[in-house]
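> Any chance you can model this:
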Amino acid sequence: MFTNDFHGYLETDYNGRGGSAYMAGVINSIRDELGEESVLLLDAGDIYLGAAPISQLLLGESAIDIYNMLGYDVACYGNHEFDKGQDVLISRTQQSNFPWLGANIVLSGTEWDTPAWSQPYVIKTVGPAGNEVDLGILGLVTDETPEVTLKGTTEGLVFKDLTDTILHYYDEVKDQSDALIIIAHMGTEDSGPY
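Below you'll find the predicted structure:
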C-alpha cells in the first residue's frame, strides 16, 4: 500500500478528513486484514513540507516521527523534500527508520553516483512464511525538481530522465527480485477537470 503528498498534514482538515490518526486507522485495518508480513507501506514523496504550517515550522520532524510510528518500509523523495535545502533533507532522512529512494538523483559531474543520503532501490521480502516474494522497489522523483523547488536547494545534483533511469537499473533490480515496483513522485499533464 502507498501514500503520497501527505505534506505534513498531521491533523484532520476542517471537514474532519485525513490526518495522521485517520491514516493510522486505515493502515492498521489493512495490516490486520492481510497480515502484517504481507503488507509493505510505501510513500511516494512530499511527506513533510509543502503545505501544513506546523510541519513547516518544525521542518518536518513531526511528520517523520509519525511515519516512523506507522512503520513505513520505504519512501521516495518528492520535490518538496528539497524546499528547506539539503541539510534539512539529510536530517529528515537520518531521522527516518526507513530508507529513502531517489534513483535518478545523481551527483553533478558523475554518470550514476547517488548522494550518500539516497538509495536507487531496495529489495524487500513480503508474504507469509513459505510463500515469500522478493520485491525490487525503485524510487524516482520528478526530473523537474530543480525548476519547481526553491532556487539553490538542489545545487550539486542532477535529476536524470525517468525512463533512462528505469532502463539503467532494470536488469540489476530484476536479477535480485521476483517483481519490480516503481514508486515515483511525478505529476501528469492536466487532461480535464478531474
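> Show me the shaky parts of this structure.
Low-confidence segments of the chain, defined by pLDDT under 70, span residues 50, 52, 188-194.
> mind redoing it with 90?
Within the chain, the set of residues satisfying pLDDT under 90 comprises 5-19, 46-60, 150-151, 186-194.
> Centre-most residue in it?
Most central in the chain under CA atoms, centre = their mean is Cys76, positioned 2.2 Å from the mean C-alpha point.
> Tell me how far that one lies from Ser29.
Separation of Cys76 from Ser29 (CB to CB, to the nearest Å) stands at 24 Å. C-beta coordinates here come from the backbone N, C-alpha and C atoms, glycine included.
> Likewise for Leu59?
From Leu59 across to Ser29, the span is 31 Å (CB to CB).
> same check, this time on Thr142
Between Thr142 and Ser29 the distance is 31 Å, computed by CB to CB.
> out of the two, which sits in the busier spot?
Neighbour comparison, Thr142 and Ser29: the larger count goes to Thr142, with 20 against 10 (by other CB atoms under 10 Å).
> May I have the phi/psi pair for the more buried one?
With angles defined as degrees, to the nearest 10, Thr142 sits at phi -50, psi 140.
> next one: Gly60
phi 80, psi 0.
> Check the one 10 residues further on too.
With angles defined as degrees, to the nearest 10, Leu70 shows backbone torsions of phi -80, psi -10.
> What count of nearby residues applies to it?
Applying other CB under 10 Å, we find 16 other residues in the vicinity of Leu70.
> Contacts only, for it.
Contact analysis of Leu70 by CB atoms under 8 Å, 6 or more residues apart in numbering lists Ser20, Met23, Ala24, Ile27, Leu41.
> let's see 6 Å
Residues in contact with Leu70 (CB atoms under 6 Å, 6 or more residues apart in numbering) are Ala24, Ile27.
> Quick check: chain neighbours aside, which residue is closest to Ile27?
In this structure, Ile27 finds its nearest non-sequential neighbour in Leu70, 5.9 Å apart by CB to CB, 6 or more residues apart in numbering.
> Need phi/psi at the residue of the chain positioned farthest from its centre.
Residue farthest from the centre of the chain, counting by CA atoms, centre = their mean, is Gly130 at 29.1 Å. The phi and psi values for Gly130, taken as degrees, to the nearest 10, are phi 90, psi -10.
> Nothing else from me, thank you.
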